[in-house]
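A.B. asks: Need the 3D shape of this:
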Amino acid sequence: MSDGNPAEADTTSILTHMREMRTYLAGEIDRSTKILLPHLTALFNALRGETRLHPDMTLADIALLPKEGRDASRPENYRPISLLNFDIKLLAKILADRLNPMLTSLIHPNQVGFIPGRQLYENTRRGADLVWWAGSTRTPSLLLSLDAEKAFDRVTWPFLFRLLVRLGLPDNFINVIKALYENPRAQIKLQGASRSPFTISNGTRQGCPLSPILFVLALEPLLTRIRQSPHIQGVPLGNHRFTVSAYADDILLSLTDPLRSMRHLHDLLTHYGTLSGFKVNLTKSQAMPLHMSPEMVADMASSFRIPIVRTSLKYLGVSLTSDPTRLFSANFPPVIRQIKKDLEDWTEKPISWIGRIHSVKMNILPRLLFLFQALPVAVTRRDLAGIQSAIDAFVWQNKRRRIARKILYRPKTRGGLGLPNLYMYYCAAQLAQVVAWHAPVADRRWVTLETALTSPDRPHMALWLPRPSRPLPRTVCPAVANSLRIFDLACSKFSLATTPSPMTPLFRNPAFPPGMNLPDFKTLEATGLRRFGDILTGGKKVTFTDLSARASLRPFDYFRFMQLRHYIDSEALVPIANTPLNWFEKLCSAASVPRGLISTIYYSLCSGSKEWGELAYCARWEADLQESLTGDEWEEIWEATAKSSICVTHQEQSFKMLFRWYTTPVLLCRMGRTTSDLCWRNCGLQGTFIHLWWDCPRVKEYWGKVGRLLTSIFHRPVHADPWDFLLSRPKPGFTNPEQSLLRCVLLAARRALASQWLSDVLPTMRLVKAKVSDVRLMEELTAIVRQTIPKFEKTWHLWEDYLGVTS
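C.D. replies: Numbering: from 1, shown residues only. Have a look, this model is predicted:
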């Protein structure tokens, strides 16, 4: 780690990041960076020595928010929100970025809060696994959730700084952190009251980017002592003990000698509290006994005054049930009921059609996705059918669906609208955990646990075997069984694995009987020889010499290698090893779990869904215009449609055009609404969809005027082509800014025509220009918010020039 010298590059990086986050300060940051940068860097570097910050820099404003449904006359019923100075947050962010890469080596995998690459579900899945283990082995156990009293506010600074020294952080780095905590003050903002700053003497600061990291570092000694204490008995499995899980201050303990362990735990918490300020409120904590006798439970309750829960324990927002079969019923129905109520309340709200889809993505999906990740429980399509139907009803305001469901759920980049398919998201969340099985075991305690539960087999190996060949017992852990079930289901529907796959294991594979005794091949496996794909190196079969260069092999291992070599040759595994990995196999074989994994898997599942088939509207467009487009050309149209405008109202028109939404005389006549199927514009011809939008003589005249308008704007002939004018297919020879402007003008022209859909009067060019001005205004406002005015001006300067000439 560097010595803590915040270089100019660090400051620039954070400023750029904050600009990209589009904060309200983005504009000021963008304009003032050159002025601020040298001064901020000099200030931050000076803090490495004896320099201290000005008292006003560490002064925080505290706003009080009343807690809902509480007595507003009592101070404890307000939630304090601390606002720090921007320069202090900038410095703290630099320090946090320096520490982040080290956290995985400083913090044990038991702690998953605020650690890069670790996630909340790791603890909830592990908790569910341990409950199942206690039930399957009938072991008297205790699941204990500790309630930390104002944990972040109680950390004592002498303990914290001594810990940082003990961790080996550079003195200069620690000095900068100390400067942030040198007599900090805060003042409460109350309307009509004078502000009286007061000194803060302990705790990590709210709103500071460094605070979560400092807290988990301060908590780590406690978790380490709990984990290493011989008197606090966790769950013993193989060579591991599973005693404590933590997400920041949310601590869950799994104890197998409850009474003895609780006594030592109580003493340890008391001792740690005197050093660090940490305090556990046992009366607000919860304990769930598992297969403990009534006498043991009564003894524990009287000795420690801790509330006992019999059926479920709340941890990290989910209920862990003593009966694993009740996980679904204890968690999903309440959330689904609340979502349905919210959707009913929102149905009559003035929300646009596209806006409703966005509401589902931003509000409904996260609530369900949290459960999909946090709970290793089987969920079927039928379980989600009710909520999926409620979402459909909300999107269509309980009216007739105007677009096929398969188009509604299809990703925008594949010609749909991207409404979340809940069951597909559930499968993606479960498959993301299958991918996590393949990460290094030491990085994820839940993977270590499930590997121990299924020993001598390993889930990340066994799943690549054909189902009849998997040597897993019938009483396998439910979480493992469910992940395997989802994997098998997805394999059959979405081709997750090639058959046979290069990921197939060499050992614990019934096709290779000697390898069923894994200890005999442990040394060979340690060289990286684990799967079919590992038998080749540089395109050639691996030799014993190659393996000897990787690890120290015994003479006996040569015999085992020859057994393996015979199996490879007799089963002709080399062609299988040469088979390229597909997208899911590549995810599983990656060195680390990538970001956005669930979205990646969901998109791949949706893109490969066999249920959708061909898009009917594409075929109808091609039939009307008597031209077939390639897949790439349709993708360009779909991309242009999705990017047609930031304004949802404007964007809707593009999607309605793509999906052929508009009602026509032919359709109304077929439905019995009218007696005539002739064009509304009195041309005497049949009013089909393509006729009303393109073939009608009067409409052709309208598009001719639009073409002349475009010619005047771009100073070159712009020929009227239905693919370009109606569906915004990119026009050859136009630059990207010109394509953007062309797309906006044509969007306005279509909106003008749609605004007089049932009329025999066509829109004037004056109306078209007004619609263009509407589009331009939305684009300008967006550019201001996103700080992309130069790009906006580059796109719209031709329009401004045109208006200047014609005005």
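
A.B. asks: what's the distance between the most centrally placed residue in the chain and residue 310?
C.D. replies: In the chain, the C-alpha nearest the mean C-alpha coordinate belongs to residue 596, at 5.3 Å (CA atoms, centre = their mean). Distance of residue 596 to residue 310, given as CB to CB, to the nearest Å: 40 Å. From N, CA and C alone the C-beta is placed, and that goes for glycine too.

A.B. asks: Same check on residue 646?
C.D. replies: Going from residue 646 to residue 310 by CB to CB gives 53 Å.

A.B. asks: Among those two, which residue is more densely surrounded?
C.D. replies: residue 646 (15 against 9; other CB atoms under 10 Å).

A.B. asks: Once you drop chain neighbours, what's closest to that one?
C.D. replies: The shortest distance from residue 646 to any non-neighbouring residue, by CB to CB, 6 or more residues apart in numbering, is to residue 782 (4.5 Å).

A.B. asks: For the nearest residue to residue 249 once chain neighbours are set aside, give me its contacts.
C.D. replies: Computed as CB to CB, 6+ apart, the closest residue to residue 249 that is not its neighbour in sequence is residue 151, at 3.7 Å. In this structure, residue 151 makes contact with 215, 219, 248, 249, 278, judged by CB atoms under 8 Å, 6 or more residues apart in numbering.

A.B. asks: Does residue 204 fall in a helix, a strand, or a coil region?
C.D. replies: Going by DSSP: H, G, I helix; E, B strand; the rest coil, the secondary structure assigned to residue 204 is coil.

A.B. asks: Low-confidence regions, the stretch 401-550 of the chain specifically.
C.D. replies: By pLDDT under 70, the weakly predicted segments of the stretch 401-550 of the chain are 441-442, 472-475.

A.B. asks: rerun at 90
C.D. replies: Applying pLDDT under 90 to the stretch 401-550 of the chain flags the ranges 401-407, 410-414, 439-444, 451, 454-458, 466-477, 491-500, 537-540, 550.

A.B. asks: Listing partners with orientation, what would you give for the lengthiest strand in the chain?
C.D. replies: When the chain is parsed with DSSP state E, its longest strand is strand 59-66. Neighbouring strands of strand 59-66 in its sheet, by DSSP bridges, are strand 78-83 (antiparallel), strand 185-188 (parallel).

A.B. asks: Other residues contacting the last one?
C.D. replies: Identification of contacts with strand 185-188 by CB under 8 Å, 6+ apart yields 55, 58-62, 64, 80, 82, 195-200.

A.B. asks: Just the mean pLDDT for that strand, thanks.
C.D. replies: Regarding strand 185-188, the rounded mean pLDDT is 89.

A.B. asks: send the alpha carbons of that strand over as PDB?
C.D. replies: This file holds the C-alpha atoms of strand 185-188, laid out as PDB (Å, rounded to 0.1, in the frame of the first residue of the first chain):
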ATOM      1  CA  ARG A 185     -18.000  19.100  15.600                       C
ATOM      2  CA  ALA A 186     -21.700  19.100  14.500                       C
ATOM      3  CA  GLN A 187     -24.600  21.400  14.700                       C
ATOM      4  CA  ILE A 188     -28.300  20.600  14.500                       C
END
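
A.B. asks: could you pull out the strands for the stretch 201-350 of the chain?
C.D. replies: With strands called from DSSP state E, counting those that start in this stretch, the stretch 201-350 of the chain shows them at 235-237, 240-242, 244-247, 250-255, 286-290, 312-315, 318-321.

A.B. asks: can you pull the buried residues of the second one?
C.D. replies: Neighbour counts over strand 240-242 (16 or more other CB atoms under 10 Å) mark 241, 242 as buried.

A.B. asks: Can you tell me the strand partners of it and which way each runs?
C.D. replies: strand 235-237 (antiparallel).

A.B. asks: about what we covered before: from the contacts of residue 151, which land in helices?
C.D. replies: Within these, residues falling in helices by DSSP state H are 215, 219.

A.B. asks: Out of the contacts of residue 151, which comes closest to residue 668?
C.D. replies: Each of the contacts of residue 151 was scored against residue 668 by CB to CB, and residue 248 proved nearest at 60.9 Å.

A.B. asks: Surely that closest one and residue 114 touch.
C.D. replies: Yes: Residue 248 is within contact range of residue 114, at 6.2 Å (criterion: CB atoms under 8 Å).

A.B. asks: Give the residues shared as contacts by the two.
C.D. replies: Residues within reach of residue 248 and of residue 114 at once, by CB under 8 Å, 6+ apart, are 212, 215, 216.

A.B. asks: And the last one, how close does it get to residue 222?
C.D. replies: When CB to CB is applied, the distance between residue 216 and residue 222 equals 11 Å.

A.B. asks: With the second one instead?
C.D. replies: Distance of residue 215 to residue 222, computed by CB to CB: 12 Å.

A.B. asks: Quick check: bridge partners of the closest residue to residue 111 other than its chain neighbours?
C.D. replies: Nearest residue to residue 111, sequence neighbours excluded (CB to CB, 6+ apart): residue 246, at 4.6 Å. Beta-bridge pairing of residue 246 under DSSP bridges involves residue 111, residue 251.

A.B. asks: ok, back up a step: just send the shared contacts of residue 248 and residue 114 back as TSV, with neighbour count and pLDDT too.
C.D. replies: Below are these laid out as TSV (neighbours: other CB atoms under 10 Å; pLDDT from 0 to 100):
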residue	neighbour count	pLDDT
212	16	94
215	21	96
216	22	96
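
A.B. asks: Looking at those, which one is closest to residue 143?
C.D. replies: residue 216 (22.1 Å).

A.B. asks: So that closest one sits against residue 118, correct?
C.D. replies: No: if you go by CB under 8 Å, residue 216 and residue 118 don't touch, sitting 10.4 Å apart.
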